[in-house]
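>>> missing the sequence, but the structure's below:
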């Protein structure tokens, strides 16, 4: 059967042919000749076969095909490169994880109560997920099976489980979720108030004003108060030299300053190195003393207490304290001591920390966000409006009289700095935070060191709260100050924050996936945490690209902070553990240049014995040899974080079955965050 002629196509083809012929003079001539003669019967099907148009069309077609092939090749190459990069990253990650899991040294047993509870929780969650998967493929998530019908044993068990979880398990879980949500809102309001206070300080340009300028003309050396500078340290091989050097070049009359090096090191070679460094600066004219305790009790508090018991301390009015990794600028004392002039009730001037390695890796970047908010917002607002904040343990200048009247350094907690600050506040002393005076220091670059530091920082406050609660109630300060100390300073920021953060996002949220009758709204899971993270990043605007990692990492750290809080509150053994945070001795190039410039006059004015420098070089070579032959550092696995990672990822699968979008993404990325931290892939990679 013949096909019906397509007259529309024939008409379109004739128009296109006429248009092409009008553009070609040769075709115009052909067209005139064709008008003079009768057209052949197949004109409508004739195709222009002129050589020029044929070659041009072939070139056009060949050029288009060549361009298309090059574009396809370029796309394929980009796709192959992306897949290769992704495969390489996944392969490297899997190989690193496999190596650490296979390493028996990284699988040290974790026998804590919290780890055992998390492990039981993981088993329960996996069993529930298997149960829910069966129910999903059976279609029971649409219509609960009726036990009265003739069904299998599994359907009857599932129906009973749904009934039990709706009647008995979901209501208490919902109540706990509501409680944690209220605590979350209260803590968020506190953070917003602090941010508004910081904005008000910036808007009104509020800051403490010093009443004297020691750089002014006409001030003699006798006008400078006597200052004692202390550097407590313990096995600080990497940082002892730069910290001692930074303190010895402080711009302060040498006869009005004494430096105490308080060494608690139990490594003989480290002691010898520090002694040699002290002797070197003594020859340069610096008044510096090396002290080493025979009975090393009380950690840092015992070290400081022993140093303050020296007879010559009574000749000094102020004491400046620096940890071993801190490098004050030469004008540090000239920028802090003047605030004491004319303020007999002022006990402490605290400076801000600055970090030489804040951009070293992701871990240090996230720490910088947290500590920038602490100093820029918390310390500054409390200092301006309350004249009280927690002493940071370093980079501060104390009035010695205030230390003595407050009871001195006590060895009862691992946060001796917070202890003396609270006792001084209860005695009526005031504090000043100087935000524009910065002291360089170093952030922990490994997760293991950071975790131990955070454990001490969160268990110590609970020890202190238990010890000084009744002292606060019996003190003569106003009830407003008592409320600030008990509720805001201790409970809200030290107890409630780690409690609700761990309970809400690591326990309740995964459980609501398996007990859907209890739920957490999306604004609790996503919106409020996102806003709080945005506010936390404001003091460090360059860290805005790390808002999401910061939110996930803070929730990941909640397990460490919660464990530390509980151990400190109930006096578990780990609450009194003190581990020195390991440093690498990093310094920026500008700091080294400034150090060399400041030390040049001292080197010219004091001749050094060659034998001493030679002995120093010999000690340094011995130290380097001991480092090489020492124990190899390794990354390790963290079992609590790994178990919580599998719990959250299991809950994300359950939320995917329920088509809960926000909950699924939050659980997925939070589980990946726990997995990365558990495999120790966030900080320095040393293995």
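The structure has been received and is ready for your questions. Keep in mind the model is a prediction, meaning the values are calculated, not measured.

>>> all strands for the stretch 101-250 of the chain, in order.
Secondary structure of the stretch 101-250 of the chain (DSSP state E, counting those that start in this stretch): strands at 227-233.

>>> point out where it drops to low pLDDT.
Where the stretch 101-250 of the chain drops to pLDDT under 70, the residues are 101-111, 141-152.

>>> could you pull out the helices for it?
113-138, 153-164, 170-204, 240-248 (DSSP state H, counting those that start in this stretch).

>>> of those, which is nearest residue 217?
Residue 217 lies closest to helix 240-248 among the helices of the stretch 101-250 of the chain, at 26.2 Å (C-beta to C-beta). Where C-beta positions appear, they are placed from N, C-alpha and C, glycine not excepted.

>>> pick the most deeply packed of the helices of the stretch 101-250 of the chain.
Neighbour counts (mean count of other C-beta atoms under 10 Å) averaged over each of the helices of the stretch 101-250 of the chain peak at helix 240-248, with a mean of 23.

>>> ok and that one relative to strand 227-233, angle-wise?
What separates the directions of helix 240-248 and strand 227-233 is an angle of 170 degrees, with axes from the mean of the first three to the mean of the last three C-alpha atoms, to 10 degrees.

>>> ok, back up a step: in CSV: the helices of the stretch 101-250 of the chain, plus distance to residue 497.
Output for the helices of the stretch 101-250 of the chain, formatted as CSV (distance: least, C-beta to C-beta, whole Å):
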stretch, distance to residue 497
helix 113-138, 17
helix 153-164, 34
helix 170-204, 6
helix 240-248, 32
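
>>> which one of those helices lies closest to residue 478?
Closest approach to residue 478 among the helices of the stretch 101-250 of the chain is made by helix 170-204 (19.4 Å; C-beta to C-beta).

>>> tell me what that closest one is packed against?
helix 380-385, helix 497-502, helix 509-514, helix 528-537 (3 or more C-beta pairs under 8 Å, 6 or more residues apart in numbering; DSSP states H and E).

>>> how close does the closest residue to residue 657 other than its chain neighbours get to residue 125?
Closest residue in space to residue 657, ignoring its immediate chain neighbours: residue 136 at 5.1 Å, by C-beta to C-beta, 6 or more residues apart in numbering. Remark: distance between residue 136 and residue 125 (C-beta to C-beta, to the nearest Å) = 16 Å.

>>> and the helices in the stretch 451-600 of the chain?
With helices called from DSSP H, counting those that start in this stretch, the stretch 451-600 of the chain shows them at 479-483, 497-502, 509-514, 522, 528-537, 547-569, 589-605.

>>> most packed of these?
Most buried of these by mean neighbour count (mean count of other C-beta under 10 Å) is helix 509-514; its value is a mean of 24.

>>> next SSE downstream of it?
Sequence-wise, the next helix or strand downstream of helix 509-514 (DSSP states H and E) is helix 522.

>>> distance between that next one and the chain's centre?
Put simply, helix 522 sits 25 Å off its chain's centre (C-alpha atoms, centre = their mean, to the nearest Å).

>>> also stretch 514-530?
Worked out by C-alpha atoms, centre = their mean, stretch 514-530 lies 24 Å from the chain centre.

>>> and it, average pLDDT?
Mean pLDDT, computed over stretch 514-530, is 91.

>>> what residues does it touch?
125, 128-129, 132, 165-166, 169-171, 173-174, 177, 181, 184-185, 188, 504, 508-509, 511-512, 547, 551, 555, 651, 654, 658, 662-663, 666 (C-beta atoms under 8 Å, 6 or more residues apart in numbering).

>>> okay, how far is it across it, tip to tip?
One end of stretch 514-530 to the other measures 25 Å (C-alpha to C-alpha, to the nearest Å).

>>> tell me the buried residues in that stretch?
514-516, 518-520, 524-526, 528-529 (16 or more other C-beta atoms under 10 Å).

>>> likewise stretch 301-320?
301-308, 313, 316, 318-320.

>>> redo these as a markdown table? Include secondary structure.
Output for these, formatted as a markdown table (DSSP: H, G, I helix; E, B strand; the rest coil):
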| residue | secondary structure |
| --- | --- |
| 301 | helix |
| 302 | helix |
| 303 | helix |
| 304 | helix |
| 305 | helix |
| 306 | helix |
| 307 | helix |
| 308 | helix |
| 313 | helix |
| 316 | coil |
| 318 | strand |
| 319 | strand |
| 320 | strand |
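
>>> and these, which is closest to residue 540?
Distance to residue 540, by C-beta to C-beta, is smallest for residue 320 among these, at 26.8 Å.

>>> show me the beta-bridge partners of that closest one.
On the basis of DSSP bridges, residue 320 is bridged to residue 229, residue 397.

>>> who are the contact partners of it?
The contact partners of residue 320, taken as C-beta under 8 Å, 6+ apart, are 227-230, 328, 332-333, 336, 396-398.

>>> likewise residue 164?
Residue 164 neighbours (C-beta under 8 Å, 6+ apart): none.

>>> kindly report the same for residue 417.
390-394.

>>> next, give me the two most distant ones among the buried residues of stretch 514-530.
Applying C-beta to C-beta across these, the maximum distance is between 514 and 528, 23.6 Å.

>>> ok, now which ones touch residue 386?
Residue 386 makes contacts with 481, 484, as judged by C-beta under 8 Å, 6+ apart.

>>> and for residue 247?
For residue 247, the contacting residues are 229, 231, 259, 322, 328, by C-beta under 8 Å, 6+ apart.

>>> quick one: low-confidence parts of the protein?
Ranges of the chain meeting pLDDT under 70: 1-13, 16-64, 66, 89, 91-111, 141-152, 574-579, 582-633, 687.

>>> which helix or strand contains residue 437?
Counting by DSSP H and E, residue 437 is found in strand 430-441.

>>> now do that strand against helix 240-248, angle only.
Using the same axes, to 10 degrees: strand 430-441 against helix 240-248 is 130 degrees.

>>> what residues sit buried inside strand 430-441?
Judged by neighbour count (16+ other C-beta under 10 Å), strand 430-441 contains these buried residues: 430-435, 437-441.

>>> farthest pair in these?
430 and 440 (26.9 Å).

>>> in the sheet, who's paired with the residue nearest to residue 354 when sequence neighbours are not counted?
Closest residue in space to residue 354, ignoring its immediate chain neighbours: residue 438 at 4.0 Å, by C-beta to C-beta, 6+ apart. In this entry, residue 438 is beta-bridged to residue 352, by DSSP bridges.

>>> how about the contacts made by residue 438?
Per C-beta under 8 Å, 6+ apart, neighbours of residue 438: 329, 351-354.

>>> which of those has the largest number of neighbours?
Greatest neighbour count in these, by other C-beta atoms under 10 Å, goes to residue 351: 26 neighbours.

>>> ok, residue 494 - contacts?
Contact analysis of residue 494 by C-beta under 8 Å, 6+ apart lists 458, 461-462, 465, 565.

>>> actually residue 177, not the one I wrote
Taking C-beta under 8 Å, 6+ apart, we find residue 177 in contact with 504, 508, 512, 518-520.

>>> also residue 338?
Here residue 338 is in contact with 210-214 (C-beta under 8 Å, 6+ apart).

>>> now do the buried residues in stretch 453-469.
Quick answer for stretch 453-469 (16+ other C-beta under 10 Å): 453-465, 468.

>>> which pair in the contacts of residue 247 spans the largest distance?
259 and 328 (11.6 Å).

>>> please name the nearest non-neighbouring residue to residue 475.
residue 426 (4.3 Å).

>>> ok, the one you found to residue 437 distance?
Distance from residue 426 to residue 437, by C-beta to C-beta: 26 Å.

>>> and the closest residue to residue 215 other than its chain neighbours, how far from residue 639?
Here the nearest residue to residue 215 in space, its sequence neighbours aside, is residue 334; by C-beta to C-beta, 6+ apart that works out to 6.4 Å. According to C-beta to C-beta, residue 334 and residue 639 sit 50 Å apart.

>>> what do you get for residue 660?
The gap separating residue 660 from residue 639 is 29 Å, by C-beta to C-beta.
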